[in-house]
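A.B. asks: Have a look at this fold, sequence not included:
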């Protein structure tokens, strides 16, 4: 099963089925997952879809591109080594990606 598991900063877990090819951000918005604001709708211009990727899944993701790296310096909660923008993370068939949302996006 292809799914994304979202854990809020307070520990609430939301598991949703995901469509391969969609972004993690699109999956969150479509399913009403709290903690993903997505102000820019995925155009890589706001950083309000910041997530912390579970260390086990981080190595399976494509490397961060320069623009995403730059946008992460503008997040409301300080970036960490496992920070990514969920609009840049594409769901793959059969994956079970686990991300944690920060306390706030704005």
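C.D. replies: Yep, that arrived. This structure is a prediction, so every number in the text was calculated from the model and none was measured.

A.B. asks: Going by C-alpha atoms from here, please, whenever you check contacts or count neighbours.
C.D. replies: Noted.

A.B. asks: So which helix or strand of this structure has the lowest pLDDT on average?
C.D. replies: Considering only helices and strands, the least confidently modelled element of the chain by mean pLDDT, DSSP states H and E is helix 55-58, at a mean of 91.

A.B. asks: Pull the distance from that helix to the chain's centre.
C.D. replies: Averaging C-alpha coordinates over helix 55-58 and over its chain gives two centres that are 13 Å apart (Cα atoms, centre = their mean, to the nearest Å).

A.B. asks: same thing with stretch 54-69?
C.D. replies: Put simply, stretch 54-69 sits 10 Å off its chain's centre (Cα atoms, centre = their mean).

A.B. asks: Name the residues of it that are buried.
C.D. replies: Using 16 or more other Cα atoms under 10 Å as the test for burial, stretch 54-69 gives 58, 68.

A.B. asks: Got phi/psi on residue 83?
C.D. replies: The phi and psi torsions at residue 83 (degrees, to the nearest 10) take the values phi -70, psi 140.

A.B. asks: quick one: the strands in this structure?
C.D. replies: If DSSP state E is used as the criterion, the strands of the chain fall at 3-7, 13-17, 50-53, 83-85, 96-100.

A.B. asks: before we move on, the earlier item: need the residues that contact the least confident helix or strand of the chain.
C.D. replies: Taking contacts as Cα atoms under 8 Å, 6 or more residues apart in numbering, the residues outside helix 55-58 that touch it are 82, 97-98.

A.B. asks: what residue is smack in the middle of the protein?
C.D. replies: residue 86 (2.8 Å; Cα atoms, centre = their mean).
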